[in-house]
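J.: My questions are about this predicted structure, shown below with the sequence.
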Amino acid sequence: MSILTVRLDPERKQPYYFQLYQAILQEIQNGGLAAGEKLPSKRTLAQRLSVSVNTVDSAYQMLTVEGYLRAADRSGFYVQPLARLTPPAEEEPLCPPPAPQPSCEFNCAAGSVDTDAFPFETWSRLSRSVMYRQPQLLHHGDPQGDLELRQALCRYLRQARGVRCRPEQMIIGAGMEYLLMALCCLLPEDTLFAMEEPGYPKAAQAVRNSGRRLVHIPLEGGGMSAELLEQSGAQCAYLTPSHQFPTGSATPAGRRSQLLQWAAAAPGRYLIEDDYDSEFRYSGRPIPALQGADRRGQVIYCGTFSRSIAPSIRIAYLALPPSLLPLYRRRFSLQSSTVSRFEQHTLGRFIQEGFYERHLNRTRNLYKKRRDLLIDQLKQTAAGPWIEILGAEAGLHLLLRLTNGLREEEMLERARGQGVALTGLSAYYQDPTLAPEAHVLCGYAHIPQQKIPALAQALGRAWTI
């Protein structure tokens with residue numbers, strides 16, 4: 001029988017039975033009490049510690065329930081064998097977080113928006129109204145998203161983009177990446193996805209994280225080639241036809257028709273049309289969505305409010321073809337929507353009551369002025385004659401090409417030396433060696449207008465040789 005030496009401290013907040021439980025547990029885990037060893041009887045230990053028998057019994061019973069002791073009838077309590085975990089020879093280091101990038105005066109990341117343009121007053125008023133007048137939204141809603149938002153979205157997309165879909169086809173989700181991963185669950189496991197090269201890396205990552213195979217199709221003539229797509233053996237193609245990311249080109253009508261013909265040529269083929277920033281077109285007529293020309297239900301249309309309102313809104317949408325709806329409902333009927341119902345109804349009213357259209361008109365004019373000023377200022381810099389500006393008709397970034405012999409790496413390094421952080425076009429290629437030389441992306445939407453001349457002058461100094 002083991003002799004236990006335990007000190008119970010009346011100053012501690014824990015009761016005596018719990019202090020005793022912890023002391024015995026530590027002895028067992030440290031090997032002070034060996035497997036099979038008998039503990040003192042409850043009465044003996046209670047007398048030794050000057051506590052009640054019930055105190056000792058409570059500690060013993062806790063240890064027995066947890067499997068550290070075995071109670072033998074009319075015999076007492078015995079230590080149970082305890083499996084020992086072999087510690088690793090050397091503690092594995094944790095994966096360190098990415099090193100923070102040095103701060104720059106001008107961070108020209110593509111896709112950034114001006115958060116000062118967010119409609120704070122209107123959004124706050126609508127949000128309060130929804131919160132106080134619709135307490136039923138605290139309950140679970142429709143897995144596809146609340147009907148009110150899906151109805152408002154369908155009306156808006158039909159008028160603004162020519163999208164033909166019913167609210168029953170619309171899926172609301174927390175971000176485009178989530179919706180793409182959900183979409184992967186609706187297609188056969190052996191589906192080969194074709195992605196644009198260059199293209200949107202987060203979309204490729206979402207598909208890859210779903211365990212699906214990818215093939216990257218080089219762009220030709222402003223869009224993905226239907227011929228190369230056919231040769232690739234892919235069954236599903238992810239496209240940004242209205243404003244290709246990151247080049248800024250638009251897929252011509254003839255190429256769009258060829259892509260629709262490719263989808264119709266075999267069962268189970270789909271085109272995923274990501275209309276991520278179609279709201280911001282500054283010249284020419286708006287380009288209708290590819291989905292509006294689809295008559296066979298083989299275009300999956302998706303979009304997001306991350307650029308038109310704010311990235312943290314995290315509301316994206318997916319219009320599924322009728323052929324995929326039954327499978328979606330079977331696989332996701334028990335899921336909850338990943339977007340707060342309060343946010344959904346706030347956005348629904350924001351669209352339905354005309355605030356979204358007014359917000360777009362205001363921000364479109366704001367971004368157009370910044371784009372025009374940046375282009376004008378770049379042309380006036382010392383490096384102006386060597387700067388070619390591409391993809392300026394739409395979106396929130398410019399693609400800049402330099403013709404004075406500097407390579408992309410040199411462009412980025414020299415710009416950073418002048419306090420400007422840019423992204424090279426090669427970052428959007430699966431195979432960076434395929435990227436054309438001397439192309440960088442310059443986002444301008446979140447740069448205050450009064451600072452744009454200084455930004456242009458900094459780039460002019462950086463790229464003058």
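T.: All right, it came through fine. Residues are numbered from 1 along each chain as shown.
J.: same for the helix or strand hosting L318, what does it pack against?
T.: Using DSSP states H and E, L318 sits within strand 316-319. If contacts are counted by 3 or more Cβ pairs under 8 Å, 6 or more residues apart in numbering; DSSP states H and E, strand 316-319 sits against strand 170-173, helix 176-184, strand 299-304. C-beta coordinates here come from the backbone N, C-alpha and C atoms, glycine included.
J.: Would you reformat these as JSON lines and include mean pLDDT?
T.: Converted to JSON lines, these look like this (pLDDT from 0 to 100):
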{"stretch": "strand 170-173", "mean pLDDT": "97"}
{"stretch": "helix 176-184", "mean pLDDT": "95"}
{"stretch": "strand 299-304", "mean pLDDT": "96"}
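J.: So the residue lying closest to P143 once chain neighbours are set aside, which state does it fall into?
T.: Nearest residue to P143, sequence neighbours excluded (Cβ to Cβ, 6 or more residues apart in numbering): Q335, at 4.9 Å. Look at Q335: counting by DSSP: H, G, I helix; E, B strand; the rest coil, its state is coil.
J.: Run through the residues that contact F106.
T.: Applying Cβ atoms under 8 Å, 6 or more residues apart in numbering, one finds that F106 lies in contact with 419-421, 447, 451, 454-455, 458.
J.: Number of residues surrounding V440?
T.: Other residues lying near V440 total 25 when counted by other Cβ atoms under 10 Å.
J.: surely it meets M411?
T.: Yes - V440 is within contact range of M411, at 5.4 Å (criterion: Cβ atoms under 8 Å).
J.: what is in contact with these two at once?
T.: 422, 424.
J.: Check the gap between the most centrally placed residue in the chain and R371 for me.
T.: Centroid-nearest residue in the chain, with Cα atoms, centre = their mean: E177, separated by 5.1 Å. According to Cβ to Cβ, to the nearest Å, E177 and R371 sit 27 Å apart.
J.: next one: L324
T.: 38 Å.
J.: okay, these two: which has more neighbours?
T.: R371 (23 against 18).
J.: which residues touch that one?
T.: R371 neighbours (Cβ under 8 Å, 6+ apart): 282, 392, 398, 444.
J.: that's a strand at it, yeah?
T.: No - R371 is assigned helix when assessed by three-state DSSP, not a strand.
J.: Could you pull up the residues touching the closest residue to E388 other than its chain neighbours?
T.: Sequence neighbours aside, R401 is the residue nearest to E388 in space, at 4.2 Å (criterion: Cβ to Cβ, 6+ apart). Residues near R401 by Cβ under 8 Å, 6+ apart: 387-390, 436, 438-439.
J.: Report the buried residues of the lengthiest strand in the chain.
T.: Using DSSP state E, we find that the single longest strand of the chain is strand 213-220. Neighbour-count burial for strand 213-220 flags 214-217, 219 (criterion: 16 or more other Cβ atoms under 10 Å).
J.: Can you give the contact residues for that strand?
T.: Contacts for strand 213-220 (Cβ under 8 Å, 6+ apart): 190-199, 204, 207-208, 224-225, 228-229, 232-234, 237, 244, 247, 249, 430-431, 434.
J.: Please check those residues and keep the buried ones.
T.: Among the contacts of strand 213-220, the ones that count as buried (16+ other Cβ under 10 Å) are 191, 193-199, 204, 207, 224-225, 228-229, 232, 234, 237, 244, 247, 249.
J.: I351 is in contact with Q151, isn't it?
T.: No - taking contacts as Cβ under 8 Å, I351 lies outside contact range of Q151: 9.6 Å.
J.: between those two, who's got more neighbours?
T.: I351 (21 against 16).
J.: mind checking the SS state of that one?
T.: Criterion first, three-state DSSP; result for I351: helix.
J.: Against M131, how distant is the residue nearest to it when sequence neighbours are not counted?
T.: Distance criterion Cβ to Cβ, 6+ apart; nearest residue to I351, sequence neighbours excluded, is A152 at 4.3 Å. From A152 across to M131, the span is 18 Å (Cβ to Cβ).
J.: Those two: who's more crowded?
T.: A152 (23 against 14).
J.: okay, how far is it across stretch 399-413, tip to tip?
T.: Start and end residues of stretch 399-413 are separated by 17 Å (Cα to Cα, to the nearest Å).
J.: buried sites along it?
T.: Per 16+ other Cβ under 10 Å, stretch 399-413 contains these buried residues: 399-402, 406, 408, 411-412.
J.: of the residues you listed, closest to D57?
T.: Of all those, L412 has the smallest distance to D57: 72.1 Å, by Cβ to Cβ.
J.: Any regions of the protein where pLDDT drops low?
T.: 1-3, 83-93, 98-102 (pLDDT under 70).
J.: in the stretch 301-450 of the chain, which spans are strands?
T.: 316-319, 387-390, 397-402, 420-421, 423-424, 439-443 (DSSP state E, counting those that start in this stretch).
J.: As CSV, could you dump the C-alpha coordinates of the second one?
T.: Listed next in CSV are the C-alpha coordinates belonging to strand 387-390 (Å, rounded to 0.1, in the frame of the first residue of the first chain):
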residue,chain,number,x,y,z
ILE,A,387,4.9,53.0,-70.3
GLU,A,388,2.2,51.2,-72.2
ILE,A,389,-1.1,51.1,-70.4
LEU,A,390,-3.3,48.0,-70.9
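J.: surely G111 meets T304?
T.: No - judged on Cβ under 8 Å, G111 makes no contact with T304 at a distance of 10.6 Å.
J.: picking that back up, the buried residues of strand 213-220 into TSV, with extra columns for distance to P119?
T.: Below are the buried residues of strand 213-220 laid out as TSV (distance: Cβ to Cβ, whole Å):
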residue	distance to P119
L214	38
V215	41
H216	38
I217	39
L219	36
